[in-house]
Structure formats: structure tokens, C-alpha cells
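Student: Requesting a structural model of the entry that follows:
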Amino acid sequence: MYLHEKSEYLMGVLAGVTVFLVLQGVHLYLSHLDQWYLHLALAGIVSLLLTLAAHKCKQSRRFARDIQRHQVYLQAIKDNLPLVVFALDHRGYFTYSDGKGLARLGLSVNQVVGQNALQLYQDYPDIVDAIQRALAGEEFHVTLRLGNLWYQTYLLPQRDPQGRVTGVLGISYDITDLQDAAQRLQSRLHIESTIASIASRYIHDTDFDAAAQWCLTEIGRICGADRAGLFLLAEEEDTFVVLHRWFDTHSQTRQLVRDRIPVQEITWGLRQIEGGSPLVVRHRDELPAEAEDIRRVMRETGAESLLGLPVRVDGKLVGFMTFVNLRESALWRMEDASLLQIAADLTGGALQRLRTHEALRRSEERHRAVLRALPDMVFVLDSQLRFLDYFVHRQEQLLVPPEQFLHKTVWEVLPESLCQQVARAAERALWTGQLQTIEYSLIHPTLGEQYFEARLSPVSESAHVVCIVRDITERKRAEREISETNARLEEALLRAQELAVAAESASQAKSEFLANMSHEIRTPMNGIIGMTELLMGTPLNEEQRDYLKTLRSSADLLLSILSDVLDIAKIEAGKMTLEQVPTSLREVGEDIVKLFSARARQKDLSLRAEIAPDLPPLVLADPMRLRQILANLVSNAIKFTEQGEVVVTISRLRDDGDRVWVRLEVRDTGIGISPERLDTIFEAFAQADTSTTRRYGGTGLGLTICKRLTELMGGHISVQSTEGEGSTFWLEIPFQVAQADASVPTVTAEPFEEVSLPPGIRVLLVEDNEVNRKVAVRMLERLGCLVDVAHDGQEAVENTAAQQYDVVFMDVHMPRMDGYTATRHIRARENGSGMHQVIIALTADAMSKDRELCLQAGMDDYLSKPFRESDLRTVIHQWVVQRPPRRAAA
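Tutor: Coordinates of the predicted model:
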């Protein structure tokens, strides 16, 4: 090929490849802007120019000046474009290298000539592969990375006349700046997309914490940070407290994170961001001298660079997001930081909405609490006793619809006798400024006579009267029913005593009788105690409250007597079992003294314990029954002692192998016991004489129980007494010595802390007795429960089939279908369904076998009558609040 032909050839190749590579770089940048049409247009124009130039070269190739002009063109291209032009021989050795792009590689023209390209770039597999493919005869272009530089490279194999590859001509165009611009554009697009996602998350996610954590994580990843934190100003406004934090998965510096940052430690940084602008610290050493506080915090936490984004609410700085790089200076750009600030602003907006929502929620809760605390109905009257407004929990509470009384006077709505009562009370309230209370009754069209209590409170500014009306029909009926129940209870107790005497010869028959009578007595007892507890929760005057306290004390005494009777029944039936657990006799004695110290002080008696120091630390015993024996003896001693002292003594008698005999003694200075009564003192239903029963009360069962329990423990009990001087009761019991490191059951005398129940718990009450049903319903409603009622087991089965309840309270003895049968029906229906209805027995049966029968029938728990509101609260909390819904066994 002639010289001018070679020049023409090189010129065409170089120009064509150069334009191709330039267009490839332009396309790389503009592809993100969708400028395909511009690329196609430029390519068409350049192709046309190249064709014309080639045609012209062919016509004028005889002229040397054309050669020179081509060479000038070539040199201009090499000197002005970031190109590297090179040639390799067939073994890969450089034979030529030139172009402006060599300078960026730190090379000069032809500096690499004579070096083998395959060895020179052996650490760059992509480059080696491209050269090998070109030497194999493949013509192609490829994008290659050399360190931090990017090149678009065109490789053209050179062949001899026989077609063998004699070398490679290569042209590389430096597209590093274009690549960086594309990456910056892609990064910006990624940031904008992430911010859009953050905005959507804050809008649609009701969980602020989850959204804020996600936002922090996403920004941390975009920034290439090692860790990030969201700090909010504490209520005292002197410290920023971390709310959320994020760590890069490779971060090993979690121990350097601070949970609290005092305001005074970052004052310079706060001044920089309080206006809403981000703070970019590319390296802590670049901070000005006045930023020493920020530099110190960064040094203590190992931060090399920092990006701080202010979080503001209503234009006030309330916190900030921090993104930290620990390993090297970060290349965070201010334009990116300004864009990321949008995410912090979105966080501030979400926080503002959260706080506003929380403030509204608290305000609404306060208003609801006020309304819940109000009595059943509220009416507002003006000075002319005209109804202006009203509030009721249920419209059914109104005797007439609102349109029949609103804006009318009481004289137009209520009976004349009641109007006179209301007028007098309203006049007194407005005149004295004090609360006035009246009681009255009205005839309800469907419920009959209903009783109400009205409290009239003056509103002095407007001369209005707020009338708070409470339905006290249940209270009035309860008062009557308590009186009737008392009479029935007295009859039941008399009958119980008669039956007890008749059944004394047959222990088993007596046990059955006691079980039956327990049910009969506990049923009215439940009504008495329940109604008493409900009445205590209503407005009462002092006289009424005193009557109720007396009534409740009497009911508690009757319940104690009933418990004694049941204990005797268990003992005589051979069903009393004793525990054998590590027990401290010293603690038992001290606990008894603490328990009765208040009663002793009321009678100005000295009560103390004398406990021998040589007692074993622990013995195997039943601590509850030991306390029951000593409590009975100490209670009697205080009861029968008017002055002097009561002393509890526990001493060690003797050792018997691995057992130790212990003497427990209660000595008093009371009235004493006559000699003729000492022989029968431990018999059932016996006291010193009948006058003692009349004066001090009791059934005479306490000492009998003490004797039987002592004998069950393998010991014996006795008494010494001098009439008029006092008595000494003692018991001697052998105990197995326990290991010193044995676990001792904890018994605490601390009062039980009431648990709270969430409102709206759905309850089904199954009870055939009207009084007990009324007591239970009202107690459950006071606990915030939604109560449905079934009168027998058949209704319970139907109700539970219609809907699932949180808990069912099931009576046992009912007409049509009893509680046992109803429970079995419910369990049979649940079989294979995966559901389990919680059922609690609520029965007057109180013997140990009764609980077992309830559990065998499929009930979950057992609550004996009489019960209190606190008992219902505890069992509901245990089975509904503490335990998640159970599923039936497969």
C-alpha cells in the first residue's frame, strides 16, 4: 500500500473510531436523559462527512499535500481529544502509543513500546481477554476500567495479504468524566426515588417508629455511612436522646455509640443546623477552631466524617439525623445533602403529625374519662327549670324521647309532686351554691316503678343547674332483698345446725350434708356479700355506710364459720392432705405475731414471740396449716384476754434420729377455763359454756380443727388453765429436718395489687338464681365487661354456638341442663375446630371433689361462691389478659 493510501486508511479508521467512541460516551451520559434521537442524528451526519472525505481522498491521493493534510488532522485529533492510540504486534508487544490520553495514565508517547501488553496488564483480566480476542482476529469494541479510569476501546486486527493477523490497532477514548457524571446522575435519581418512598411510607404507615427506622436505614445505605442515628430533644430540653439507630452490617464500633448527647456538648453544630440547613463535615480535622465541641464528640465516637440533617417541627429544631463514616473521609456533596434534607423534613412532618395525633388522643381520652366518671344521666336546666341539654350513655335510659322534654320545663314533663321537689332543690342550689340531692320514683312504661337519685349542682355564671341523675332501682331492690336474704340465711343456718346434730353419728353422711349445706348457704351468702359490695360503691350517708360495714363484717364471720365446718368435713372424710415443704418455724411464729399485732394493740395487750435459737433452720411441714393452728390459738387468746399479755413460744424438745420434736405454745392471762370444761374443750361444736358462745361468738370448731390437724402431723395438743388467771395451749409435733439449702416457699403478707382489665371483654354469665345473676352482672359491668346472660345450660350451649366469648362463667346446678352437661356439649362441638372457649365454674359447691368434677367436665378453672368483685377481676385477668386465646387439642 502506498504512503498516501496508508495515511488515508489510518485517517479513515481513526476518524471513524473516534467519532464512534465519542458517540458511545455521549450516549452513556445522555441515555439517562433519553436523548436517543440526538445520538442517531449525530451519527448520520458524521457518517455522511466521513463518506465524502474518503471519496475526496481517493480522487486526490496522488497529491502529497493531501497526505500532509491528513497527518495534520490525525495529530489534531490526538492532541485535543482524550484518546490513546496504540499498536501491538502479533505477540502483543506495543509497537506504537500516542495521544493526549497518555498523560492521565502517567505515560509519555511510545513509553510502553517494546513492552508486552498481556504482561503489563495481567492484573486486569478484562483487558487481557480483550487483547487476546483481538489477536485471535476478532474486531470489537468494549468498555474497560483501568484503576479509577474508564475507557471505551476499539480493537482492529491487522492482517497480511494472506489474511493472517500481524497485529492490532487500538484506540481508547477516556470516558471517566462521563462515567462519573452518569453515576452522579444515577445517585441523584436513586436519592429522589428513595425520598419519594420515604414520603409514601410516612403517609401510609401508621407506625412512626417503623417508618423512621426504615428512613434512617435507607439514607444510611445511600450515603455509604457506617452508622446512623435519629436523636430527639428530651422533654427537659437539655439533652438529645437517640430514638433509632442503624449500623452497617460490617460496622464493628457499636460500643462507641452514645444514647444521650447533652446540648452543651454540640452547641456549634446546633447553630449550624438550627436554620434548617444540613451540616457536612468531610473530615473532623477540617473543622474550624470554634467547632472544638463537635470535633471532640467525633473523636470520642471514632467518627472521621459526619453528615447532620436537622429535624424541625413548626420551624423549631427538635432533633437531628446523623450519618457517620468511621474509616475514611466521606465524599458527601452539599447538593446531595440538601436533597437528603428533604427526608429529614419529612421525618419532622411525620413527627408533628404523631404529636398532634397523640395530643388529640389524650384530650379525647380525658373527655371520655370525664364522661365515664359521670353518673348515668346528665340534664342541664335554666333558671326557669327548662331542659336545655342532656347526656346519657344509652337512649333507653330516658323515660321519654328527647323531643318530648328538650326546651320544655319540668312542669310540662314530670309529675307535679316531683316538680316541686326539683324546684325546691334547684332554688336551694342556686341560693346556697351547694350541691343538693333528692330521691324519687317514676313509673316506667315497661319496667314498672324505677327509683332515681338526682344531684343538682349550680352553675353560677349562667344561673343554670346541672342535674345528675342515677338509677338506684337496683340498690333499693337490693336493700329489700338483703333483708329477705338475711331471714332466709338465718333459717338456713338453723336448719344446718339441726341437720348437723342429726348426722353426727355418721361421718360420711355428715360430710355429704355439709357439702350440700355449703351450696345452700353460699348461694344466699353470695347475694349478701355481693349486694353489700355493690352498695358500698354507691353514694351513702354515714348511717347507711355504718349499717353496711356491720352487715359485711357479719357476712365475713359467717363465711369463716362455714370454712371451719368444711375443714372438719374434710378431716372426718379423710380427705385432708398435708404438704411437706421446707419451712422456717421462726418465720411462722414471727408471721403470726405480725398478723395479730393490730388486734392486740386495740385491746392494749402485749403480744410477743419467744423463739428458741437452737431450732433447725428448716423443717419439712405444711406452713399454711401450722399458721392456721397458731392463728386459731392466738385469736382465742386475744379474744378471752382483757388485760395482760399473750406469748407465743416455740422451743426444741428432743431429737429422734433425723426428726426433731418441737413444742409450740400460746400462753395468755385471760379468763381461763373451768376444770369441768377442760375435758370437752377440743370436741366439735363445744365451748367452755353456752355463755361464752353468747358473749364471744364462734362455733366451737376452731380447737377441734387444731386438734385434728395436730394429730394429722403426728403430734398431740393439750391445755393447762386456771380460771381467772389464764390458759396455756401447747402442741408437740415431730418434724423432719430439711436441708439448709432447700428452697423455701415464699409467703408474703403484702396486700394484693389490683390488676386492671381492658374494656369491652365479652362475658357470658350462666346462672339460674336471680339474686346471684344480678350480683354477678353488676360486678362484671363495673369491671368494664360486656355481659350476656343465660339462665341454664341449654341457653349457654346456644349462646356459645352463636358467638365466641372471651370467658364464660358457668353455674353447675341449673334446671333443664346443668353446667357439667353444657360444658361437655361445648367441648364436643369444639372438637376438631381448633377453637377453645374459656369456661370458669362459678358455683356454691366448695368441697375439693367439686373442683375436680368441674375440671373433669372440661371447665378451665373454678371459682366458689360467695365471690367478690376482686375475685372476678383476678380470674378474668388470668385467663383473658395474661393468656392468649387457646386452641383446642387436636
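Student: The longest helix along the chain - what's its average pLDDT?
Tutor: Longest helix of the chain, by residue count under DSSP state H: helix 334-373. What helix 334-373 shows for mean pLDDT is 78.
Student: do stretch 642-657 as well
Tutor: On average, stretch 642-657 scores 93.
Student: Specify the local secondary structure of R480.
Tutor: When classified by DSSP: H, G, I helix; E, B strand; the rest coil, R480 comes out as helix.
Student: burial count for it?
Tutor: 9 (other CB atoms under 10 Å). The way it works is simple: take the backbone N, C-alpha and C, and place the C-beta from them, glycine included.
Student: same question, T473
Tutor: 16.
Student: Now for it: which residues touch it?
Tutor: 447, 449-452 (CB atoms under 8 Å, 6 or more residues apart in numbering).
Student: Name the next helix or strand following the longest helix of the chain along the chain.
Tutor: Going down the chain from helix 334-373, the next helix or strand is strand 377-381, by DSSP states H and E.
Student: Identify each buried residue in that next one, please.
Tutor: For strand 377-381, a neighbour-count test (16 or more other CB atoms under 10 Å) marks 377, 379-381 as buried.
Student: do the same with stretch 270-290
Tutor: So, applying 16+ other CB under 10 Å, buried residues of stretch 270-290: 270, 272-273, 278-282, 284, 287.
Student: Equivalent analysis for stretch 798-811, please.
Tutor: Here stretch 798-811 shows 799-800, 805-811 as buried, counting by 16+ other CB under 10 Å.
Student: With stretch 237-245 instead?
Tutor: Under 16+ other CB under 10 Å, the buried positions of stretch 237-245 are 239-240, 242-245.
Student: Would you format these as JSON lines with secondary structure and distance to H836 included?
Tutor: Listed next are those as JSON lines, based on DSSP: H, G, I helix; E, B strand; the rest coil; distance: CB to CB, whole Å:
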{"residue": "T239", "secondary structure": "strand", "distance to H836": "49"}
{"residue": "F240", "secondary structure": "strand", "distance to H836": "49"}
{"residue": "V242", "secondary structure": "strand", "distance to H836": "43"}
{"residue": "L243", "secondary structure": "strand", "distance to H836": "40"}
{"residue": "H244", "secondary structure": "strand", "distance to H836": "39"}
{"residue": "R245", "secondary structure": "strand", "distance to H836": "42"}
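Student: Can you tell me how far Q739 is from P623?
Tutor: Distance of Q739 to P623, given as CB to CB, to the nearest Å: 17 Å.
Student: Look at those two and report which has more neighbours.
Tutor: Of the pair Q739 and P623, P623 is the one with more neighbours under other CB under 10 Å, namely 20 against 10.
Student: thinking again about what came up before, and which of the buried residues of stretch 798-811 is nearest to R480?
Tutor: Distance to R480 across the buried residues of stretch 798-811 (CB to CB) is lowest for D811, with 23.5 Å.
Student: which residues touch the residue nearest to that closest one when sequence neighbours are not counted?
Tutor: In space, and not counting its chain neighbours, D811 is closest to E767: 4.8 Å by CB to CB, 6 or more residues apart in numbering. Neighbouring residues of E767 by CB under 8 Å, 6+ apart: 773, 776, 789-791, 809, 811, 814, 842.
Student: Now intersect the residues you listed with the strands, please.
Tutor: 789-790, 809, 842 (DSSP state E).
Student: Pipe the buried residues of strand 377-381 into TSV and attach pLDDT per row.
Tutor: Below are the buried residues of strand 377-381 laid out as TSV (pLDDT from 0 to 100):
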residue	pLDDT
M377	85
F379	89
V380	90
L381	90
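Student: Listing request: residues of the stretch 751-890 of the chain with sub-threshold pLDDT.
Tutor: 751-754, 844-849, 884-890 (pLDDT under 70).
Student: out of the buried residues of stretch 270-290, which are inside helices?
Tutor: Per DSSP H, the buried residues of stretch 270-290 map to helices at 270, 272-273.
Student: Closest one to A225 out of these, please.
Tutor: For these, the nearest to A225 is I273 (17.0 Å; CB to CB).
Student: Correct me if wrong: Y202 contacts A211.
Tutor: Yes: counting by CB atoms under 8 Å, Y202 touches A211, with 5.3 Å between them.
Student: list residues touching both of these two?
Tutor: Common neighbours of Y202 and A211 (CB under 8 Å, 6+ apart) are A350.
Student: would you list every one of the helices in the stretch 51-200 of the chain?
Tutor: For the stretch 51-200 of the chain, applying DSSP state H, counting those that start in this stretch gives helices covering 64-80, 117-120, 125-135, 176-204.
Student: by contact count, what packs against the shortest one?
Tutor: Using 3 or more CB pairs under 8 Å, 6 or more residues apart in numbering; DSSP states H and E as the contact criterion, the elements in contact with helix 117-120 are helix 125-135.
Student: Provide the contact partners of the helix it packs on at residue level.
Tutor: So helix 125-135 is in contact with 88, 90, 92, 117-118, 121-122, 140, 142, 144-146, 153, 155-157, 165, 168, 170, going by CB under 8 Å, 6+ apart.
Student: Please pick the buried ones from these.
Tutor: For the contacts of helix 125-135, buried by 16+ other CB under 10 Å: 88, 92, 117-118, 121, 142, 144, 146, 153, 155-157, 165, 168, 170.
Student: Show me what counts as buried in stretch 126-138.
Tutor: Neighbour counts over stretch 126-138 (16+ other CB under 10 Å) mark 127-128, 130-131, 133-135 as buried.
Student: quick one, phi psi at the closest residue to I273 other than its chain neighbours?
Tutor: Nearest non-adjacent residue to I273, counting by CB to CB, 6+ apart: P310, 3.9 Å away. Torsion angles at P310 (phi, psi; degrees, to the nearest 10) stand at phi -70, psi 140.
Student: and of the buried residues of stretch 798-811, the nearest to N541?
Tutor: Of all those, N541 sits closest to F809, with 33.6 Å by CB to CB.
Student: Tell me how confident the model is about the helix or strand encompassing E484, as a mean pLDDT.
Tutor: For E484, the host element (DSSP H and E) is helix 473-502. Across helix 473-502, pLDDT averages out at 81.
Student: Next: stretch 194-203.
Tutor: When pLDDT is averaged along stretch 194-203, the result is 80.
Student: Please enumerate residues in contact with that stretch?
Tutor: For stretch 194-203, the surrounding residues in contact (CB under 8 Å, 6+ apart) are 208, 211, 214-215, 218-219, 222, 339-340, 342-343, 346-347, 349-350.
Student: Tell me which two in those residues are the farthest apart.
Tutor: F208 and L339 (22.6 Å).
Student: circling back: kindly reformat the buried residues of stretch 270-290 as CSV containing distance to F682.
Tutor: Shown next, in CSV, are those (distance: CB to CB, whole Å):
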residue, distance to F682
L270, 83
Q272, 89
I273, 86
P278, 89
L279, 88
V280, 92
V281, 89
R282, 94
R284, 89
L287, 91
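Student: what's the farthest-apart pair in those residues?
Tutor: Pairwise over the buried residues of stretch 270-290, using CB to CB, the maximum falls at L270 and R282, 19.6 Å.
Student: who touches Q628 in this structure?
Tutor: Neighbouring residues of Q628 by CB under 8 Å, 6+ apart: 705, 709.
Student: let's see it at 7 Å
Tutor: L709 (CB atoms under 7 Å, 6 or more residues apart in numbering).
Student: Confirm it sits in a helix?
Tutor: Yes: the assignment for Q628 is a helix, going by three-state DSSP.
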